[in-house]
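Visitor: need a structure here:
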Amino acid sequence: MPSKGSDRDEQQALLSLIQKVEGEEWASTKNGWDINSGVPVCEWDGIGCRISVNGGSSATITSIKLPNAGLSATLTSELGMLKDLEEFNLKGNFIAGSIPQEVANLDKLFMLDLTNNQLSGPLPQWWGSFSLSKLMLAQNKLTGEFFHNIYSPHLQSLQEVRLEGNGLVGTLDGTTIMQMQNLETLSLSSNDLSGLIPGFQLGSLSTLKFLYLDDNNFVGPLPSQLAQTGKSSMEELWVQSNYLSGTVPSSFVRFDMLHDFFIDGNKLTGAIPLQLCSAKLNKDFFSTLPNDAERNYCEYIACPAGSTSNEGVYPCSVCPGGDAAKFQNPYLGNSDDCSAYSQRDILRIFYESTSQSGWSGGSDWNDATKDVCQMTGITCDDHENIIKIGLKNRNLSGSIPGEIGFLPFLETLDLSDNNLTGFLPSDLRWTSLTRIDISGNKLRGVLPPMLCMMQELNGNGENNVYYCDRIACPANTFNTFGHHGYHGEPCQPCYDVYAPGEAYIGQKKCTNRQGPASGGFDWKKEIESLKETNESLNLFSKLALSIASIGLVTLMFALCTRGMFGNRRGPQSKLERKRILRQRVASSGSGSSSGSDDEEAHHGYSDDVELASVGSNVSRSSRNAMDLINDHKDIALSRPQKVKKAISSRLPEAQGVRTSFSNINVAARKKSLVRKASRGSVGEQYEGVDFGDDEDEYIDEEEGASSVENNFGGEGARIPKKKQTDLLDIPMIS
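Guide: Numbers count the residues shown, from 1 in each chain. Sure, this is the predicted structure:
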């Protein structure tokens with residue numbers, strides 16, 4: 001028989017799940033689940049035990065399996081008493097509340113499945129089991145960040161992580177991901193994650209087969225490092241419905257086993273490498289098509305620029321308007337109607353998106369009878385093209401719509417000191433911006449790299465140097481301007497907020513400039529703790545602790561003194577700063593970030609460090625703006641060239657594009673596509689677009705980039721040889 005003591009403790013732990021009247025009613029329908037039932041705990045419904053003989057029979061609970069059992073409860077700390085629990089499965093129930101740390105600490109757990117419940121609160125960062133293989137927490141209401149504790153024991157054993165359908169925020173920490181060397185499945189779909197995709201770190205996981213990052217807020221390029229030589233085991237890659245820009249890397253042809261690949265609903269341009277377009281890719285979605293049906297395998301991945309479909313993939317319909325339609329609809333995988341917005345349409349969309357609380361002083365932007373150039377905050381040139389929008393401190397609330405990026409002659413945009421939320425759209429790269437101020441709002445995430453690399457924007461591009469903080473200070477940093485534009489004031493650390501969902505870019509104020517950050521060392525508290533302990537010790541111990549306290553104070557004073565007087569290498573003037581920047585460029589060579597000495601010199605965060613989550617305790621990314629520029633091999637376009645392209649499109653007014661994101665599951669998507677396939681037609685391939693002569697020297701495209709097209713989807717466009725500016729989504733050559 002099992003030992004009575006341990007049996008009783010484990011019974012109490014299990015019975016902590018029986019809560020309120022609903023729990024008692026549930027237990028009455030089960031075998032056991034009552035301390036007075038007389039049924040041994042190992043015979044209770046859903047309970048598994050291991051019985052061992054060691055000087056007498058004993059049993060310990062090793063599994064709880066009650067999927068879809070109708071249980072209403074919260075997880076209690078008493079469950080941590082089940083020290084030998086290996087499998088815990090309560091998926092498909094009505095489990096609410098947070099995940100207690102006592103449950104996360106169970107050190108023999110190898111499978112936890114709480115999928116499709118009502119769990120809330122932050123995702124625990126520490127899991128105590130070195131054997132945890134499957135962590136299934138999808139379809140809940142969990143918040144906080146994805147794993148950022150590189151020392152958590154569970155990282156190296158994880159094989160399957162399913163967290164889709166939650167409310168996770170922040171960025172993906174590449175250093176932590178590198179610890180997951182046995183990971184096969186990572187599903188983070190339908191969360192609120194942002195920042196760059198850590199391509200190198202994810203690509204270093206040779207076991208990774210299934211990666212789902214769709215329906216989030218990721219920005220920046222689709223990283224070519226996801227497909228590394230000798231480590232490409234990917235079978236399914238879903239990145240649709242994000243804000244990714246750039247092109248589809250040709251390195252993805254290394255994914256020999258890839259059979260599901262979706263990129264629609266992003267801001268990607270160019271062409272899909274022809275080597276990727278094959279009958280085996282995404283074939284499950286088209287299994288019902290007749291064998292003699294006309295097929296375009298590239299459209300199985302995403303519709304080309306200048307076309308659209310309800311799901312952003314086959315069957316695609318060509319937008320009317322020819323080459324002009326490609327200018328107005330430049331993205332792959334467009335799932336909305338073809339766009340042909342006038343300047344007035346774009347301003348109306350902007351007003352509707354930012355007037356949730358009403359603009360202060362009223363607005364005439366919704367007045368259909370008023371001339372666009374006479375509207376409040378609008379400045380036009382002699383040809384009635386909008387060149388400036390100034391809406392500083394007008395109580396704008398809501399998000400900045402991407403359509404504003406399709407005012408091709410826009411040079412100045414001032415939206416500072418409002419209540420704007422969401423993310424800064426990368427669509428602004430299509431404008432001719434030289435000045436932008438979005439400081440003093442509540443914008444989240446990281447700055448789109450394409451904006452950081454726009455030539456002339458807030459001084460970027462001078463001496464071939466590009467810094468993201470010239471547009472806006474990163475989250476958890478600040479200065480009096482909210483950006484490090486022309487004035488030369490660096491962004492400094494701020495410790496006001498720690499939750500990633502509450503840290504905003506472009507901040508001008510900070511209450512707590514000194515720290516320590518959450519979890520940091522506070523020497524005053526440490527001394528007080530020593531004093532309290534001192535009162536209960538003998539004389540010798542008191543003397544030792546007193547000496548230790550004096551030594552601690554001395555050490556901290558020395559460190560502070562060194563920080564105040566021993567490190568005066570920071571630039572003392574704008575001229576000195578420019579000298580340092582030139583040194584950085586000269587030493588960067590291949591586009592690497594600047595050295596540690598320069599970063600220390602700013603007494604904060606260097607403006608050319610990580611594009612993702614600057615200000616965190618752990619570096620979230622090793623990719624900086626110079627690295628991204630180098631990836632594009634000197635084939636970016638300058639602002640004057642963009643204007644020239646806009647003019648050559650012969651549009652009567654600046655046009656826009658609206659992109660809506662489709663959040664659907666696999667089954668619904670398959671049915672929808674199959675249903676539309678029978679009545680759709682395959683879009684025609686586009687011819688090359690020539691935008692006229694240019695004074696710059698041009699070179700032919702490289703032979704190795706045969707599938708590369710220009711940013712409007714046409715092949716053969718001439719590319720400037722010595723331009724390295726805003727990276728207008730010219731295909732990335734990897």
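Visitor: what residues of stretch 367-383 count as buried?
Guide: For stretch 367-383, a neighbour-count test (16 or more other Cβ atoms under 10 Å) marks 372, 375-378, 380 as buried. All C-beta spots, glycine's among them, are computed from the backbone N, C-alpha and C.
Visitor: next: stretch 342-359.
Guide: Buried residues in stretch 342-359, counting neighbours by 16+ other Cβ under 10 Å, are found at 343-351, 353-355, 359.
Visitor: export that stretch as PDB, just CAs?
Guide: Backbone C-alpha positions of stretch 342-359 (Å, rounded to 0.1, in the frame of the first residue of the first chain) are rendered in PDB as follows:
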ATOM      1  CA  SER A 342      -5.700  60.600 -53.800                       C
ATOM      2  CA  GLN A 343      -4.100  63.000 -51.400                       C
ATOM      3  CA  ARG A 344      -7.500  63.900 -50.000                       C
ATOM      4  CA  ASP A 345      -8.300  60.200 -49.400                       C
ATOM      5  CA  ILE A 346      -5.000  59.700 -47.500                       C
ATOM      6  CA  LEU A 347      -5.700  62.700 -45.300                       C
ATOM      7  CA  ARG A 348      -9.200  61.500 -44.600                       C
ATOM      8  CA  ILE A 349      -7.800  58.100 -43.600                       C
ATOM      9  CA  PHE A 350      -5.300  59.700 -41.400                       C
ATOM     10  CA  TYR A 351      -7.900  61.800 -39.700                       C
ATOM     11  CA  GLU A 352     -10.200  58.900 -39.100                       C
ATOM     12  CA  SER A 353      -7.300  56.900 -37.600                       C
ATOM     13  CA  THR A 354      -6.100  59.600 -35.300                       C
ATOM     14  CA  SER A 355      -9.300  61.300 -34.100                       C
ATOM     15  CA  GLN A 356     -10.500  58.900 -31.500                       C
ATOM     16  CA  SER A 357     -10.700  61.700 -28.900                       C
ATOM     17  CA  GLY A 358     -11.100  64.600 -31.300                       C
ATOM     18  CA  TRP A 359      -8.400  66.900 -32.400                       C
END
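Visitor: taking the mean pLDDT, what do you get for it?
Guide: For stretch 342-359, the per-residue pLDDT values average out at 93.
Visitor: low-confidence stretches in the stretch 51-200 of the chain?
Guide: Segments of the stretch 51-200 of the chain classed as low confidence (criterion: pLDDT under 70) are 53-57.
Visitor: what separates residue 223 from residue 202, distance-wise?
Guide: With distances taken as Cβ to Cβ, to the nearest Å, residue 223 is found 8 Å from residue 202.
Visitor: please apply the same query to residue 467.
Guide: For residue 467, the distance to residue 202 equals 26 Å [Cβ to Cβ].
Visitor: what of residue 291?
Guide: Distance check for residue 291 against residue 202: by Cβ to Cβ, it reads 37 Å.
Visitor: what do you get for residue 267?
Guide: The spacing between residue 267 and residue 202, counted by Cβ to Cβ, is 20 Å.
Visitor: cool, residue 327 as well?
Guide: Using Cβ to Cβ, residue 327 is found at 34 Å from residue 202.
Visitor: with residue 70 instead?
Guide: Separation of residue 70 from residue 202 (Cβ to Cβ) stands at 38 Å.
Visitor: ditto for residue 384
Guide: Counting by Cβ to Cβ, the gap from residue 384 to residue 202 is 48 Å.
Visitor: now for residue 139: which residues touch it?
Guide: Residues in contact with residue 139 (Cβ atoms under 8 Å, 6 or more residues apart in numbering) are 115-117, 164-166.
Visitor: quick revisit: between residue 70 and residue 202, which is the more surrounded one?
Guide: residue 202 (23 against 12; other Cβ atoms under 10 Å).
Visitor: show me what the helix or strand harbouring the more buried one is packed against.
Guide: Secondary structure here is read from DSSP states H and E; on that basis residue 202 sits in helix 199-203. Helix 199-203 sits against helix 174-177, with contacts defined as 3 or more Cβ pairs under 8 Å, 6 or more residues apart in numbering; DSSP states H and E.
Visitor: the very next helix or strand once past the helix it packs on - contacts with which helices or strands?
Guide: Next in sequence after helix 174-177, counting helices and strands by DSSP H and E, comes strand 185-187. The criterion is 3+ Cβ pairs under 8 Å, 6+ apart, and the helices and strands that strand 185-187 contacts are strand 160-162, strand 210-212.
Visitor: and with 10 Å instead?
Guide: Using 3 or more Cβ pairs under 10 Å, 6 or more residues apart in numbering; DSSP states H and E as the contact definition, the elements that strand 185-187 packs against are strand 160-162, strand 210-212, strand 236-238.
Visitor: as JSON lines, those with mean neighbour count and distance to residue 448 would be great.
Guide: Listed next are the helices and strands packed on strand 185-187 as JSON lines, based on neighbours: other Cβ atoms under 10 Å; distance: least, Cβ to Cβ, whole Å:
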{"stretch": "strand 160-162", "mean neighbour count": "20", "distance to residue 448": "27"}
{"stretch": "strand 210-212", "mean neighbour count": "21", "distance to residue 448": "22"}
{"stretch": "strand 236-238", "mean neighbour count": "20", "distance to residue 448": "21"}
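Visitor: so can I have JSON lines of those showing distance to residue 177?
Guide: Formatted as JSON lines, the entries for the helices and strands packed on strand 185-187 read as follows, by distance: least, Cβ to Cβ, whole Å:
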{"stretch": "strand 160-162", "distance to residue 177": "10"}
{"stretch": "strand 210-212", "distance to residue 177": "11"}
{"stretch": "strand 236-238", "distance to residue 177": "15"}
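Visitor: out of these, which comes closest to residue 28?
Guide: In this view, the helices and strands packed on strand 185-187 are compared for proximity to residue 28 by Cβ to Cβ, and strand 160-162 is the closest at 32.7 Å.
Visitor: strands paired with the closest one, and their directions?
Guide: When pairs are called by DSSP bridges, strand 160-162 turns out to pair with strand 134-136 (parallel), strand 185-187 (parallel).
Visitor: include mean neighbour count and distance to residue 122 when you put these into JSON lines, please.
Guide: Converted to JSON lines, those look like this (neighbours: other Cβ under 10 Å; distance: least, Cβ to Cβ, whole Å):
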{"stretch": "strand 134-136", "mean neighbour count": "20", "distance to residue 122": "15"}
{"stretch": "strand 185-187", "mean neighbour count": "21", "distance to residue 122": "19"}
